[in-house]
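A.B. asks: A structural model of the following input is requested.
(one chain, ligands or ions: 1)
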Amino acid sequence: MKKYNIAVVGATGMVGNKFLEVLTEKQLPVDNYYLFASAKSAGKVVDFMGKPHTVIELTEDNVKAHKVDIALFSAGGGTSAKFAPVFVRNGAVVIDNSSQWRMDPSVPLVVPEVNPQDIDWHNGIIANPNCSTIQAMVALRPLQLKYGIKRIVYSTYQAVSGAGVAGYNDLLDGLKAFVAGQEYAPKKFPLPIANNVLPHIDVFLDNGYTKEEEKMIKETKKILGDSSIKVTATTVRVPVLNSHSESVNVEFLSPCTREGIVETLRGQKGLVVVDDASNAYPTPMQATGHDEVYVGRIRIDDTVDSGCNLWVVADNIRKGAASNAVQIAEYMIEHGKI
Ligand code: L14
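C.D. replies: I've put the predicted structure just below:
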(Lines give C-alpha, C1' and ligand atoms only; values in the text may rest on other atoms or scores of the structure.)
Protein backbone atom coordinates (compact mmCIF):
# COMPACT_ATOMS: atom_id res chain seq x y z
CA MET A 1 0.00 0.00 0.00
CA LYS A 2 1.16 3.49 -0.83
CA LYS A 3 2.45 5.53 2.11
CA TYR A 4 2.17 9.25 2.55
CA ASN A 5 4.01 12.11 4.23
CA ILE A 6 1.71 14.31 6.29
CA ALA A 7 2.52 17.77 7.63
CA VAL A 8 0.65 19.36 10.51
CA VAL A 9 0.91 23.15 10.29
CA GLY A 10 0.17 24.94 13.53
CA ALA A 11 1.01 21.74 15.39
CA THR A 12 1.30 23.29 18.85
CA GLY A 13 -2.07 25.10 19.00
CA MET A 14 -5.31 23.73 20.43
CA VAL A 15 -6.53 22.28 17.11
CA GLY A 16 -2.94 21.26 16.24
CA ASN A 17 -2.77 19.16 19.40
CA LYS A 18 -6.11 17.60 18.51
CA PHE A 19 -4.78 16.78 15.01
CA LEU A 20 -2.00 14.77 16.66
CA GLU A 21 -4.47 12.98 18.95
CA VAL A 22 -6.85 12.10 16.09
CA LEU A 23 -3.99 11.01 13.81
CA THR A 24 -2.70 8.72 16.58
CA GLU A 25 -6.15 7.10 16.82
CA LYS A 26 -6.54 6.71 13.02
CA GLN A 27 -3.14 5.23 12.13
CA LEU A 28 -3.21 6.28 8.46
CA PRO A 29 -0.62 4.75 6.10
CA VAL A 30 2.08 7.34 6.74
CA ASP A 31 5.86 7.29 6.27
CA ASN A 32 6.69 10.60 7.92
CA TYR A 33 4.90 13.22 9.94
CA TYR A 34 6.34 16.75 9.88
CA LEU A 35 5.17 19.19 12.54
CA PHE A 36 5.38 22.85 11.55
CA ALA A 37 4.77 25.89 13.75
CA SER A 38 5.86 29.50 14.11
CA ALA A 39 9.36 30.48 15.29
CA LYS A 40 7.99 30.69 18.84
CA SER A 41 7.43 26.91 19.03
CA ALA A 42 10.12 25.77 16.56
CA GLY A 43 12.71 23.46 18.08
CA LYS A 44 10.31 22.13 20.69
CA VAL A 45 10.29 18.33 20.84
CA VAL A 46 6.85 16.71 20.73
CA ASP A 47 6.34 13.03 21.50
CA PHE A 48 4.05 11.72 18.77
CA MET A 49 3.38 8.20 17.42
CA GLY A 50 5.96 6.84 19.85
CA LYS A 51 8.76 9.03 18.49
CA PRO A 52 10.17 12.45 19.36
CA HIS A 53 9.36 15.01 16.63
CA THR A 54 11.19 18.34 16.55
CA VAL A 55 8.85 21.19 15.60
CA ILE A 56 10.01 22.76 12.32
CA GLU A 57 9.80 26.53 11.82
CA LEU A 58 7.29 27.43 9.11
CA THR A 59 9.44 29.10 6.42
CA GLU A 60 9.42 28.70 2.63
CA ASP A 61 12.82 27.00 2.69
CA ASN A 62 11.72 24.50 5.33
CA VAL A 63 8.57 23.69 3.34
CA LYS A 64 10.68 23.09 0.22
CA ALA A 65 13.06 20.86 2.19
CA HIS A 66 10.33 18.31 3.02
CA LYS A 67 8.32 16.19 0.62
CA VAL A 68 4.72 16.50 1.81
CA ASP A 69 1.65 14.80 0.30
CA ILE A 70 -1.01 16.18 2.67
CA ALA A 71 -0.72 19.30 4.86
CA LEU A 72 -3.27 19.74 7.64
CA PHE A 73 -3.40 23.46 8.46
CA SER A 74 -4.66 25.14 11.61
CA ALA A 75 -2.49 28.19 12.01
CA GLY A 76 -4.89 31.08 11.36
CA GLY A 77 -6.07 32.76 8.18
CA GLY A 78 -2.96 34.88 7.57
CA THR A 79 -0.63 31.88 7.75
CA SER A 80 -2.92 29.88 5.45
CA ALA A 81 -3.05 32.72 2.95
CA LYS A 82 0.74 32.83 2.81
CA PHE A 83 1.79 29.20 3.20
CA ALA A 84 -0.99 27.04 1.71
CA PRO A 85 0.12 28.04 -1.83
CA VAL A 86 3.74 27.26 -0.89
CA PHE A 87 2.80 23.70 0.09
CA VAL A 88 0.64 23.33 -3.04
CA ARG A 89 3.52 24.47 -5.29
CA ASN A 90 5.62 21.79 -3.64
CA GLY A 91 3.11 19.09 -4.55
CA ALA A 92 0.99 18.83 -1.41
CA VAL A 93 -2.77 18.91 -0.98
CA VAL A 94 -3.63 21.38 1.79
CA ILE A 95 -6.65 20.75 4.04
CA ASP A 96 -7.16 24.12 5.69
CA ASN A 97 -9.04 24.79 8.88
CA SER A 98 -9.09 28.60 8.69
CA SER A 99 -11.76 30.76 7.07
CA GLN A 100 -9.21 32.04 4.50
CA TRP A 101 -10.16 29.85 1.51
CA ARG A 102 -13.66 28.60 2.35
CA MET A 103 -15.64 30.85 0.05
CA ASP A 104 -13.07 30.84 -2.78
CA PRO A 105 -14.99 29.41 -5.78
CA SER A 106 -11.96 27.32 -6.75
CA VAL A 107 -11.76 25.67 -3.31
CA PRO A 108 -14.11 22.84 -2.25
CA LEU A 109 -15.64 23.14 1.22
CA VAL A 110 -16.09 19.62 2.52
CA VAL A 111 -17.81 17.59 5.21
CA PRO A 112 -17.01 13.98 4.23
CA GLU A 113 -20.43 12.57 5.24
CA VAL A 114 -22.18 15.34 3.29
CA ASN A 115 -20.38 16.33 0.07
CA PRO A 116 -17.32 14.09 -0.50
CA GLN A 117 -17.87 14.45 -4.26
CA ASP A 118 -16.62 18.05 -4.04
CA ILE A 119 -13.14 16.76 -3.17
CA ASP A 120 -12.78 15.82 -6.86
CA TRP A 121 -12.51 19.39 -8.12
CA HIS A 122 -9.83 20.66 -5.76
CA ASN A 123 -6.86 22.63 -7.10
CA GLY A 124 -4.53 21.85 -4.21
CA ILE A 125 -6.53 23.37 -1.36
CA ILE A 126 -9.58 21.87 0.35
CA ALA A 127 -11.26 23.95 3.05
CA ASN A 128 -12.61 22.63 6.33
CA PRO A 129 -15.84 24.47 7.16
CA ASN A 130 -16.52 26.50 10.29
CA CYS A 131 -17.19 24.34 13.37
CA SER A 132 -20.83 25.41 13.79
CA THR A 133 -21.51 24.86 10.09
CA ILE A 134 -20.01 21.35 10.04
CA GLN A 135 -22.28 19.92 12.72
CA ALA A 136 -25.39 21.52 11.21
CA MET A 137 -24.56 20.02 7.80
CA VAL A 138 -24.36 16.46 9.10
CA ALA A 139 -27.91 16.79 10.48
CA LEU A 140 -29.41 18.79 7.61
CA ARG A 141 -28.04 16.98 4.55
CA PRO A 142 -30.28 13.88 4.85
CA LEU A 143 -33.31 16.11 5.42
CA GLN A 144 -32.38 18.21 2.37
CA LEU A 145 -32.20 15.07 0.24
CA LYS A 146 -35.55 13.80 1.54
CA TYR A 147 -37.69 16.95 1.80
CA GLY A 148 -35.80 19.84 0.17
CA ILE A 149 -34.88 22.86 2.30
CA LYS A 150 -36.47 26.30 1.92
CA ARG A 151 -35.15 28.19 4.95
CA ILE A 152 -32.91 27.66 8.00
CA VAL A 153 -32.71 29.68 11.25
CA TYR A 154 -29.61 28.94 13.38
CA SER A 155 -29.11 29.98 17.00
CA THR A 156 -25.83 28.71 18.43
CA TYR A 157 -24.51 28.10 21.94
CA GLN A 158 -20.76 27.97 21.35
CA ALA A 159 -18.06 26.78 23.73
CA VAL A 160 -15.01 28.84 24.67
CA SER A 161 -12.57 26.26 23.25
CA GLY A 162 -13.38 27.70 19.80
CA ALA A 163 -11.35 30.70 20.86
CA GLY A 164 -8.33 28.55 21.77
CA VAL A 165 -6.40 28.28 25.02
CA ALA A 166 -6.92 31.98 25.81
CA GLY A 167 -10.69 31.55 25.54
CA TYR A 168 -10.54 28.53 27.79
CA ASN A 169 -8.58 30.49 30.39
CA ASP A 170 -11.01 33.42 30.28
CA LEU A 171 -13.75 31.06 31.45
CA LEU A 172 -11.72 29.12 34.05
CA ASP A 173 -9.87 32.10 35.53
CA GLY A 174 -12.93 34.32 35.25
CA LEU A 175 -15.03 31.81 37.22
CA LYS A 176 -12.37 31.50 39.94
CA ALA A 177 -12.20 35.28 40.27
CA PHE A 178 -15.99 35.55 40.24
CA VAL A 179 -16.33 33.03 43.08
CA ALA A 180 -13.60 34.84 45.06
CA GLY A 181 -15.36 38.18 44.49
CA GLN A 182 -12.42 39.56 42.49
CA GLU A 183 -12.26 41.45 39.21
CA TYR A 184 -11.03 39.56 36.14
CA ALA A 185 -10.21 41.34 32.90
CA PRO A 186 -10.82 38.90 30.01
CA LYS A 187 -7.85 38.42 27.69
CA LYS A 188 -9.60 36.90 24.68
CA PHE A 189 -13.26 37.95 24.83
CA PRO A 190 -14.45 41.58 24.75
CA LEU A 191 -16.53 41.07 27.93
CA PRO A 192 -16.46 38.51 30.77
CA ILE A 193 -17.64 35.05 29.68
CA ALA A 194 -17.72 33.64 33.22
CA ASN A 195 -21.33 33.69 34.46
CA ASN A 196 -22.29 35.44 31.23
CA VAL A 197 -23.51 34.93 27.64
CA LEU A 198 -22.12 36.95 24.70
CA PRO A 199 -24.07 37.23 21.41
CA HIS A 200 -20.80 37.95 19.64
CA ILE A 201 -18.40 35.54 17.88
CA ASP A 202 -15.69 36.78 15.53
CA VAL A 203 -15.82 40.40 14.33
CA PHE A 204 -18.85 42.59 13.62
CA LEU A 205 -19.70 43.41 9.99
CA ASP A 206 -21.26 46.59 8.60
CA ASN A 207 -24.74 44.97 8.47
CA GLY A 208 -24.73 44.28 12.22
CA TYR A 209 -24.19 40.54 11.84
CA THR A 210 -20.98 38.93 13.07
CA LYS A 211 -18.53 37.18 10.77
CA GLU A 212 -19.36 33.87 12.48
CA GLU A 213 -23.01 34.37 11.48
CA GLU A 214 -22.00 35.27 7.94
CA LYS A 215 -19.81 32.16 7.75
CA MET A 216 -22.71 29.91 8.77
CA ILE A 217 -25.01 31.55 6.21
CA LYS A 218 -22.60 31.41 3.25
CA GLU A 219 -20.97 28.07 4.00
CA THR A 220 -24.35 26.32 4.40
CA LYS A 221 -25.37 27.29 0.85
CA LYS A 222 -22.01 26.29 -0.61
CA ILE A 223 -21.90 22.86 1.09
CA LEU A 224 -25.56 22.04 0.39
CA GLY A 225 -24.99 23.22 -3.19
CA ASP A 226 -28.08 25.42 -3.25
CA SER A 227 -27.81 29.21 -3.14
CA SER A 228 -31.62 29.53 -3.09
CA ILE A 229 -31.87 28.23 0.51
CA LYS A 230 -32.61 31.14 2.86
CA VAL A 231 -30.37 31.08 5.92
CA THR A 232 -30.12 33.35 8.94
CA ALA A 233 -28.13 32.97 12.16
CA THR A 234 -27.43 34.30 15.64
CA THR A 235 -24.16 32.96 17.06
CA VAL A 236 -23.65 33.10 20.81
CA ARG A 237 -20.76 32.31 23.16
CA VAL A 238 -21.82 30.49 26.33
CA PRO A 239 -19.75 29.60 29.41
CA VAL A 240 -19.18 25.99 28.35
CA LEU A 241 -15.63 24.67 27.98
CA ASN A 242 -16.07 22.44 24.96
CA SER A 243 -18.62 21.35 22.31
CA HIS A 244 -21.02 23.61 20.49
CA SER A 245 -24.81 23.28 20.69
CA GLU A 246 -27.26 24.78 18.24
CA SER A 247 -30.97 25.22 17.82
CA VAL A 248 -31.82 24.67 14.16
CA ASN A 249 -35.21 25.66 12.79
CA VAL A 250 -35.72 24.37 9.27
CA GLU A 251 -38.52 24.81 6.77
CA PHE A 252 -38.94 22.16 4.06
CA LEU A 253 -40.20 22.29 0.48
CA SER A 254 -42.31 19.12 0.79
CA PRO A 255 -44.47 17.63 3.57
CA CYS A 256 -42.77 15.89 6.49
CA THR A 257 -43.69 13.86 9.55
CA ARG A 258 -41.78 13.53 12.82
CA GLU A 259 -41.42 9.78 12.22
CA GLY A 260 -40.02 10.43 8.75
CA ILE A 261 -37.54 12.98 10.07
CA VAL A 262 -36.35 10.69 12.89
CA GLU A 263 -35.94 7.76 10.51
CA THR A 264 -34.06 9.92 8.00
CA LEU A 265 -31.71 11.24 10.70
CA ARG A 266 -31.10 7.71 12.00
CA GLY A 267 -29.89 6.72 8.54
CA GLN A 268 -27.21 9.43 8.40
CA LYS A 269 -23.60 8.33 8.84
CA GLY A 270 -21.79 10.23 11.60
CA LEU A 271 -25.04 11.32 13.24
CA VAL A 272 -26.50 9.90 16.47
CA VAL A 273 -30.15 10.51 17.38
CA VAL A 274 -30.68 11.02 21.12
CA ASP A 275 -34.39 11.67 21.33
CA ASP A 276 -36.12 8.80 23.08
CA ALA A 277 -37.39 9.81 26.49
CA SER A 278 -38.06 13.10 28.24
CA ASN A 279 -34.51 13.32 29.59
CA ALA A 280 -32.75 11.96 26.52
CA TYR A 281 -31.23 14.85 24.60
CA PRO A 282 -27.70 15.66 23.51
CA THR A 283 -25.46 17.85 25.69
CA PRO A 284 -21.98 19.31 25.19
CA MET A 285 -20.55 17.23 28.03
CA GLN A 286 -21.74 14.05 26.35
CA ALA A 287 -20.51 15.04 22.88
CA THR A 288 -17.01 15.96 24.03
CA GLY A 289 -14.36 13.45 22.97
CA HIS A 290 -16.46 12.00 20.13
CA ASP A 291 -16.47 12.49 16.37
CA GLU A 292 -20.20 11.96 15.93
CA VAL A 293 -22.74 14.76 15.70
CA TYR A 294 -25.69 14.34 18.08
CA VAL A 295 -29.27 15.42 17.36
CA GLY A 296 -32.34 15.49 19.57
CA ARG A 297 -35.39 17.54 20.62
CA ILE A 298 -36.86 16.74 17.21
CA ARG A 299 -40.17 18.59 16.95
CA ILE A 300 -42.49 19.52 14.09
CA ASP A 301 -42.75 23.29 13.65
CA ASP A 302 -46.46 23.75 13.00
CA THR A 303 -46.12 27.50 12.36
CA VAL A 304 -45.08 26.65 8.76
CA ASP A 305 -46.51 24.23 6.15
CA SER A 306 -43.62 21.82 6.68
CA GLY A 307 -40.72 22.23 9.07
CA CYS A 308 -39.06 21.19 12.30
CA ASN A 309 -36.86 22.21 15.21
CA LEU A 310 -33.65 20.31 16.01
CA TRP A 311 -31.02 20.51 18.76
CA VAL A 312 -27.58 19.65 17.35
CA VAL A 313 -24.43 19.13 19.45
CA ALA A 314 -20.84 18.18 18.54
CA ASP A 315 -17.27 18.48 19.78
CA ASN A 316 -16.13 21.65 18.04
CA ILE A 317 -12.43 20.83 18.29
CA ARG A 318 -12.86 17.26 17.02
CA LYS A 319 -15.69 17.09 14.42
CA GLY A 320 -15.78 20.88 14.14
CA ALA A 321 -12.08 21.09 13.29
CA ALA A 322 -9.40 18.38 13.60
CA SER A 323 -11.43 15.21 13.00
CA ASN A 324 -13.28 16.60 9.98
CA ALA A 325 -9.95 17.57 8.35
CA VAL A 326 -8.37 14.18 9.12
CA GLN A 327 -11.52 12.45 7.77
CA ILE A 328 -11.05 14.36 4.49
CA ALA A 329 -7.45 13.08 4.32
CA GLU A 330 -8.60 9.56 5.19
CA TYR A 331 -11.31 9.68 2.50
CA MET A 332 -8.79 10.79 -0.12
CA ILE A 333 -6.38 8.01 0.81
CA GLU A 334 -9.06 5.31 0.92
CA HIS A 335 -10.60 6.37 -2.40
CA GLY A 336 -7.32 6.83 -4.25
CA LYS A 337 -7.85 10.58 -4.59
CA ILE A 338 -4.23 11.34 -3.74
O1 L14 B 1 -14.06 30.25 11.43
O2 L14 B 1 -14.10 31.91 18.15
O3 L14 B 1 -13.07 28.45 11.98
O4 L14 B 1 -15.17 30.06 18.41
C5 L14 B 1 -13.89 28.92 14.56
C6 L14 B 1 -13.87 29.28 16.01
C7 L14 B 1 -13.88 31.35 13.97
C8 L14 B 1 -13.91 31.69 15.45
C9 L14 B 1 -13.50 29.56 12.27
C10 L14 B 1 -14.59 30.87 17.71
C11 L14 B 1 -13.33 29.99 13.70
C12 L14 B 1 -14.53 30.59 16.24
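A.B. asks: what does stretch 41-49 contact?
C.D. replies: Outside of stretch 41-49, the residues within contact range by Cβ atoms under 8 Å, 6 or more residues apart in numbering are 11-12, 20, 23-24, 33, 35, 37, 52-58. (Each C-beta comes from the backbone N, C-alpha and C, glycine too.)
A.B. asks: Would you mark the buried spots in the host helix or strand of Lys176?
C.D. replies: Counting by DSSP states H and E, the element that carries Lys176 is helix 164-179. The neighbour-count criterion (16 or more other Cβ atoms under 10 Å) identifies 167-168, 170-171, 174-175 as the buried residues of helix 164-179.
A.B. asks: that older thread, which ones among the contacts of stretch 41-49 lie within strands?
C.D. replies: Secondary structure assignment (DSSP state E) places 33, 35, 37, 52-54, 56-57 from the contacts of stretch 41-49 within strands.
A.B. asks: can you map out the strands along the stretch 101-250 of the chain?
C.D. replies: Taking DSSP state E, counting those that start in this stretch to define them, one finds strands in the stretch 101-250 of the chain at 125-127, 149-157, 230-234, 244-252.
A.B. asks: winner for burial among those?
C.D. replies: Burial among these, expressed as mean neighbours by mean count of other Cβ atoms under 10 Å, is greatest for strand 125-127, which shows a mean of 26.
A.B. asks: so, in contact with the ligand or not, that one?
C.D. replies: No. Strand 125-127 stays out of contact with the ligand when judged by Cβ under 6 Å from any ligand atom, the minimum separation being 9.8 Å.
A.B. asks: Is it correct that Ile317 is in contact with Gly13?
C.D. replies: No. Taking Cβ atoms under 8 Å as the definition, Ile317 is not a contact partner of Gly13, at 10.4 Å.
A.B. asks: The two: which is more packed in?
C.D. replies: Neighbour count, other Cβ atoms under 10 Å: between Ile317 and Gly13, Ile317 has more, with 27 against 20.
A.B. asks: and whichever strand or helix holds Gly296, which strands flank it?
C.D. replies: Assigned by DSSP H and E, Gly296 belongs to strand 293-300. Strand 293-300 pairs in its sheet with strand 271-273 (parallel), strand 307-314 (antiparallel), by DSSP bridges.
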